[in-house]
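Colleague: what's the 3D shape of this:
(one chain, ligands or ions: 1)
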Amino acid sequence: MSTNHSSRDSANDASRASSAAASKKAPDRPHSAPSAAALPARKQPAPPCTLVIFGAGGDLTKRLLMPALYTLAADRLLDEGTKIIGVNHGERETKAWSDDLHAALLKFAADKASTFHAGKLDDEAWDWIAQRLTYMAGDFEDDTAYECLAQQLNGKSPGNVVFYLAVGARFFKPISERLGNAGLLHEGKDGDGPFRRLVIEKPFGADLASARDLNRHVLRYANESQVYRIDHFLGKDTVQSILALRFANAMFEPVWRRECIDSVQITASEVIGVEGRGRFYEQTGAFRDMVPNHLFQLLGMIAMEPPNSFDAEAVRNKKVEVFEALEPLTPADVVFGQYASGPAGVGYREEPDVAKESRVETYAAARVHIDNWRWAGVPFYLRTGKRLAARRTEISVQLKRVPFLLFRDTPVDTLAANVLTLRIDPTHGTSFDFNVKTPGPVMQIGAVCSTFDYDDFFAAHANVGYETLLYDCMLGDQTLFLRADGIEAAWAAVDGVLHPEHDAALRVYDYAAGSEGPAQADALLARDGRAWRPLARAEPTKT
Ligand code: BG6
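Modeller: Numbers count the residues shown, from 1 in each chain. Got it, this is the predicted structure:
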């Protein structure tokens, strides 16, 4: 697992103090202070392989795969023997495909807001990629395309191949089946030949039955060790660093349990609406789009038991155990919402490709319980939605209040609770809310917040979030990829919401575009005597 990527550039980083107590000015760390210490980075290039991208002309290839391959090339993490074959419907010259990809890269690099090589591209790295591209026209459901592909792959020397399905979910089954039937997923007797891997993106089904069906189908043609199922949240450095925070520091694990933790909130809120994806959203909705996959992956990282090693199976076993321990959700545990027109724009039903009477949810909140020794009785509150008050992907771990207060005239329940917040997007770091004595002769308690920001300690490095995933796949490290049993356990936990008993449809409550979400989601927590952390809150001032 490439957990040391984030610290790769740190040796040369200038460091600055990042702790800021509320609005107080924190002293700057002197320039001579050491930068954040980094373990030696693993920099071995991936083994030689041919990457076959189905969906070469699609958005995913342009927006994420090619930029990630470019970054890996610029970092010299790809082998000289790397080749990239793009398969798509429609005749096209390789040159035209390559020019198209290059234009998209230039656009990303010019976008100041992106973390992708802001400023300029390295021509040498792009030429390196461009020389390795081949475009192949092919219909994903036509056997002859796979015969052509086999000729291309096996023609000279059969080698390692990664098949990347950057296509709509309806093609997962037909492509894996045809690859299998054409012998292209065969790794030799006892798996001792060159590797053959299959990368699939979410959605892995739309409920338990369809997820099982997809897994069964794919596993007919490939072994589990060949299947790399991507949840792009696991490609984020800040998500991977949840494990580092928990297991590379002695201070957190002792409190990471029901005796000390009151509750956990996991949020993935967006300000954007459905952004032209109305057709997709009408079939999917916020819950299926985000909860049993992205939010559950965050839940798994936060709640899993310490693995014995960072071996892929050790980590994945522990994560799957969390999903298996989830109490099945019932309709009473969730609240669905849909944005109506508000300060931030038009309502969902006025978006293109959305039915005028649509009751599809664009917001989902859920209360989840993990039935195991560590977490019994600790609620995990999950929420996600479009067109909300702020973009915020984060996990807040709220500790229990102190049992007794020493300070006269200060009732315990007026003390703010300690909250550790892991900020994943758009800011990257951690914040900790705690209490101090306020300055002055009177013994008074005040709440402050201490923050750590990645930018303060580490030089920004170009990253679209897929670099680690592609690199790990080429190396054969499945730690950050989902296993069939984990996917099915996650769907099993939510099936009661997707198919409620007696088919009673869940109500979908309106919320104003740009707001904190539907009031009924507040009520979900209020029933437990708790409240959501506001989305629109100000970040602690950094000085
Ligand atoms: C995708 C969902 O998987 O994740 C989108 O389909 C969502 O609806 C996106 O916007 C969020 O990802 P990120 O990385 O932008 O937080």
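
Colleague: Thr134 pairs with what?
Modeller: Ile85 (DSSP bridges).

Colleague: from Val87, how far out is it?
Modeller: Distance of Thr134 to Val87, computed by Cβ to Cβ, to the nearest Å: 10 Å. (C-beta placed from N, C-alpha, C; glycine too.)

Colleague: any low-confidence regions in this structure?
Modeller: By pLDDT under 70, the weakly predicted segments of the chain are 1-42, 112-113, 118-119, 155-157, 407-413, 502-503, 540-543.

Colleague: middle-most residue in it, spatially?
Modeller: Among the residues of the chain, the one closest to the centroid is Phe233, at 0.8 Å (Cα atoms, centre = their mean).

Colleague: is it true that that residue touches Leu298?
Modeller: Yes. Phe233 is in contact with Leu298 according to Cβ atoms under 8 Å; the separation is 6.7 Å.

Colleague: what about His461, how many residues nearby?
Modeller: Close neighbours of His461, defined as other Cβ atoms under 10 Å, add up to 16.

Colleague: over to Thr94?
Modeller: For Thr94, the neighbour count with other Cβ under 10 Å is 14.

Colleague: isn't it up against Tyr135?
Modeller: Yes. The criterion here is Cβ under 8 Å, and Thr94 meets it with Tyr135 at 4.3 Å.

Colleague: that older thread, quick one, which of Thr134 and Val87 is more surrounded?
Modeller: The neighbour count for Thr134 versus Val87, taken as other Cβ under 10 Å, is higher for Val87 (27 against 16).

Colleague: in the stretch 101-250 of the chain, which spans are helices?
Modeller: In chain order, the stretch 101-250 of the chain shows helices spanning 123-130, 143-154, 172-181, 208-221, 237-247, with DSSP state H, counting those that start in this stretch as the criterion.

Colleague: turn these into JSON lines, including mean neighbour count and distance to Asn308.
Modeller: Putting those into JSON lines (neighbours: other Cβ atoms under 10 Å; distance: least, Cβ to Cβ, whole Å) gives the following:
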{"stretch": "helix 123-130", "mean neighbour count": "16", "distance to Asn308": "39"}
{"stretch": "helix 143-154", "mean neighbour count": "15", "distance to Asn308": "38"}
{"stretch": "helix 172-181", "mean neighbour count": "19", "distance to Asn308": "32"}
{"stretch": "helix 208-221", "mean neighbour count": "17", "distance to Asn308": "26"}
{"stretch": "helix 237-247", "mean neighbour count": "19", "distance to Asn308": "11"}
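
Colleague: out of those helices, which gets nearest to the ligand?
Modeller: With Cβ to the nearest ligand atom as the criterion, the ligand lies closest to helix 237-247 of the helices of the stretch 101-250 of the chain, at 9.7 Å.

Colleague: what's the closest one in contact with?
Modeller: Here helix 237-247 makes contact (Cβ atoms under 8 Å, 6 or more residues apart in numbering) with 1-3, 5-6, 233-234, 252-253, 256, 297-298, 301-302, 306, 310, 315, 395, 422-425, 428-430, 454, 463, 468, 480.

Colleague: next structured bit after it?
Modeller: The helix or strand immediately downstream of helix 237-247 is strand 261-269, counting by DSSP states H and E.

Colleague: what strands flank that next one, and is each parallel or antiparallel?
Modeller: Going by DSSP bridges, the partners of strand 261-269 are strand 379-385 (parallel), strand 392-399 (antiparallel).

Colleague: quick one, what contacts the residue in the stretch 151-300 of the chain that the ligand sits nearest to?
Modeller: Residue nearest to the ligand within the stretch 151-300 of the chain: Asp289 (4.8 Å; Cβ to the nearest ligand atom). Residues counted as contacts of Asp289 (Cβ under 8 Å, 6+ apart) are 203, 281.

Colleague: could you give the angle of the host helix or strand of it to strand 261-269?
Modeller: Using DSSP H and E, Asp289 maps to helix 278-290. Between helix 278-290 and strand 261-269, the angle comes out at 160 degrees (axes from the mean of the first three to the mean of the last three Cα atoms, to 10 degrees).

Colleague: roughly how far out does helix 278-290 sit from the chain middle?
Modeller: 17 Å (Cα atoms, centre = their mean, to the nearest Å).

Colleague: what angle do helix 237-247 and the helix or strand just after that helix make with each other?
Modeller: Counting by DSSP H and E, the element after helix 278-290 in chain order, helix or strand, is helix 296-303. Helix 296-303 runs at 20 degrees relative to helix 237-247, counting by the same axes, to 10 degrees.

Colleague: for the helix or strand following helix 296-303, packing partners?
Modeller: On the C-terminal side of helix 296-303, the nearest following helix or strand under DSSP H and E is helix 312-324. For helix 312-324, the packing partners by 3 or more Cβ pairs under 8 Å, 6 or more residues apart in numbering; DSSP states H and E come out as helix 296-303, helix 484-498.

Colleague: up against the ligand, what does the protein have?
Modeller: For the chain, the contact set with the ligand under Cβ under 6 Å from any ligand atom comprises 270, 289, 393, 425.
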